[in-house]
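[1] Need coordinates for the following:
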Amino acid sequence: MPSFTERLEANRFLAFLVLTYVLTWVWWIPATLLVRSGGSITYTSLLVLAGGFGPFLAAIVLATATGDIRPWGRQLVSVRASPLVWGAAVVVPVILFGATLVLTVALGWTFDVAALGPAGVLGALLFSSLIRGGFEEPGWRGYGLPVLQRRLGAFRASLVIGVVWAAWHIPLFAMPGSSQSGTSFGFYLLSVLAISVITTWLYNESGGRVLLPIVFHTTWNSISVYLSVGVVGDGVLPSEAALAVAAWLFAGILVYRYGAERLSSRPLPTGGLSFDDTRSERETDAAAGVTHSND
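    All right, here's what the predicted structure looks like:
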């Protein structure tokens, strides 16, 4: 009979998905109800913040349960990636939001630069985006992606993670005052799917370094919040549609350039997790005192 660890390893992504939703929605659903009943903004913010760590905590629990916590944890702090990939993690969001503004204006909306406020606000937005968005990545890309893409390939795994990632935010769509409130879930889903493909490319091309997706996610969210106040028009549908178009144009280029199987020029990273085809090699090398990395 398979042991608990073997059963868990055979169903890692499903376990990660269920645990992530539980560890998040147990906070976000009460937060949504609290806001809708006129409750405290401070308590609501704390509940939303706590729920945002759901993917990270789920990954920690599962990596610990399967004995992978140390090699998995090393990938969270490793900075060993090409300077070009590091640059892309920051520059790509800037380029895509620039393209979004052009498309939004082309669709008939206007953009009010004066509404943006001082550029110094970006610093605070970067910090808040790191706490509220960037720290999801050790879960989505650091754990879920390396497990799933070994079965489905990088592109299809990105789409699956994109769907569950977008659906994970559903309670926030019902929460007045959240960044998702009043937006179209359809266009949001389209954008998240493309963002998931792009983030997979960064993760795989860096050899499985989670800091790259963290930087990308943080930069993306902060720019999104900073620029959103400048869009002037009846509703925000054109900007949402433009963002989805811009993101998918870039994602399509990546798929064409690198192929759907790996979405990078490198082998699929393990993320520090042990799989059937790597476990025996790791155990042998561990006995010999050899340390593995994704390089």
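[2] Would you map the helices across the stretch 101-250 of the chain?
    121-132, 137-139, 145-152, 154-168, 170-173, 185-205, 211-228, 237-258 (DSSP state H, counting those that start in this stretch).
[3] Give me the helices and strands touching the third one, please.
    The elements that helix 145-152 packs onto, with contact taken as 3 or more Cβ pairs under 8 Å, 6 or more residues apart in numbering; DSSP states H and E, are helix 12-36, helix 154-168, helix 185-205. Every residue, glycine included, has its C-beta placed from N, CA and C.
[4] Packed most tightly, which of those would that be?
    helix 185-205 (a mean of 23; mean count of other Cβ atoms under 10 Å).
[5] and the direction of that one versus that of helix 211-228, what angle?
    150 degrees (axes from the mean of the first three to the mean of the last three Cα atoms, to 10 degrees).
[6] Report the distance from helix 185-205 to the chain centre.
    8 Å (Cα atoms, centre = their mean, to the nearest Å).
[7] residues near Glu6, how many?
    Residues near Glu6, counting by other Cβ atoms under 10 Å, number 11.
[8] That one: which element?
    helix 4-10 (DSSP states H and E).
[9] export that helix as CSV, just CAs?
    Coordinates of each C-alpha in helix 4-10 appear next as CSV, following Å, rounded to 0.1, in the frame of the first residue of the first chain:
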residue,chain,number,x,y,z
PHE,A,4,0.9,8.9,2.9
THR,A,5,3.9,10.7,1.3
GLU,A,6,3.6,8.7,-1.9
ARG,A,7,-0.1,9.4,-2.2
LEU,A,8,0.5,13.1,-1.5
GLU,A,9,3.3,13.2,-4.2
ALA,A,10,0.9,11.6,-6.7
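[10] quick one: contacts of it?
    2, 15, 62, 65-67, 274 (Cβ atoms under 8 Å, 6 or more residues apart in numbering).
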